[in-house]
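# just need the structure, nothing else, for what follows:
(one chain, ligands or ions: 1)
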Amino acid sequence: MGKSLRDAKAALFRKLRREVGNERVMRAMEQTHREMFVPPDHRSAAYEDAPLPIGQGQTISQPFIVALMTAALRLSPTDTVLEVGTGSGYQAAILSHLVPRGRVVTVERIHTLARRAEGLLRSLQIHNVQVLAAGPDLGCPEQAPYDAIIVTAAAPKLPQSLLDQLAVGGRIIIPVGGAEEQELVWAMRTGEGVSFSFDKGPCRFVPLIGREAWPGPPA
Ligand code: SAH
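Numbers count the residues shown, from 1 in each chain. A predicted model of the protein is given here:
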């Protein structure tokens, strides 16, 4: 890594430690080299606190939002985690470091992105992440229940089908709102039902497409 990228990375992590904290999440993010997940022509901007294009009209999320959402999942090392929206594979790689004795299932509806992310994760020797093509239902009900679900695309409402894929005690974090702006909604499935909190936004994500989400072109 060149000096300017190294300096930018150090500055970014000083900012994230101030704004989000959570040392386990900080270490998992530091271990995950964001410059490897962005296209070559954006590599010099890899440690700016901003989303970046990854092709196919999609984006890799802003590091601050990644840190905030990851911390909100409250992961234990043995957890099984579902990510909806693999994109570049960056978020999945971070999750893999936080569940070394658990596993990550990540689903993506654009096949070229899924294949690229899978190849990259494999080349990084990350073996506890399974990259799957999104099916007709949101998430991956076949492998439920999950201890945590992170949705990295924006939904018009909190999809019941994803709540149904949570274990009791399982947490979900998802951007919910209109096309232009959303807020991060956090929920936990309890023995009695679901408990919510809404105070983590605002943010702006690409749309979640599918049943219980936004209509979109066929993948
Ligand atoms: N987490 C990613 C960024 C994701 S961008 C990263 O770390 O790089 C959001 C992704 O969600 C896009 O790639 C988009 O194709 C995908 N997506 C949208 N709707 C989806 C659905 N219903 N199931 C799975 N993936 C979906």
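# return the residues of this structure in contact with the ligand.
Taking C-beta under 6 Å from any ligand atom as the contact definition, the chain meets the ligand at 54, 58-61, 84-85, 87-88, 90-91, 107-110, 113, 134, 138, 152-153, 206, 208-210, 213. Heads up, the C-betas are built off the backbone N, CA and C, glycines and all.
# so of those, which ones are in strands?
The strands, defined by DSSP state E, take in I54, Q58, T59, I60, V84, V107, E108 from the residues of the chain next to the ligand.
# T80 touches D147, doesn't it?
Yes: applying C-beta atoms under 8 Å, one finds T80 in contact with D147, separated by 5.4 Å.
# quick one, helices of the protein?
Using DSSP state H, the helices of the chain run over residues 3-19, 23-31, 63-72, 90-98, 111-123, 160-163.
# give the buried residues for the fifth one.
Just to be clear, that refers to helix 111-123. Buried positions in helix 111-123, judged by neighbour count with 16 or more other C-beta atoms under 10 Å: L113, A114, R116, A117, E118, L120, L121.
# report the angle between that helix and helix 90-98.
30 degrees (axes from the mean of the first three to the mean of the last three C-alpha atoms, to 10 degrees).
# what's helix 111-123 in contact with?
36-37, 54-56, 58, 86-89, 92-93, 96, 106, 108, 129, 131-133, 219 (C-beta atoms under 8 Å, 6 or more residues apart in numbering).
# switch the cut-off to 7 Å
By C-beta atoms under 7 Å, 6 or more residues apart in numbering, the surrounding residues in contact with helix 111-123 are 36-37, 56, 58, 86-89, 92-93, 108, 129, 131, 133, 219.
# of those residues, buried ones?
With burial judged by 16+ other C-beta under 10 Å, the buried subset of these is F37, Q58, T86, G87, S88, G89, A92, A93, E108, V129, V131.
# farthest-separated two in those?
Spatially, the most separated pair among the buried ones among the contacts of helix 111-123 is Q58 and V129, at 18.2 Å (C-beta to C-beta).
# which strand in this structure runs the most residues?
strand 166-177.
# not counting its neighbours along the chain, what's nearest A8?
Y47 (3.7 Å; C-beta to C-beta, 6 or more residues apart in numbering).
# list the strands paired with the helix or strand of the chain with the lowest mean pLDDT, with their directions.
None of the helices or strands of the chain scores lower by mean pLDDT, DSSP states H and E than strand 194-197, at a mean of 90. Note on strand 194-197: by DSSP bridges, its sheet partners are strand 182-189 (antiparallel).
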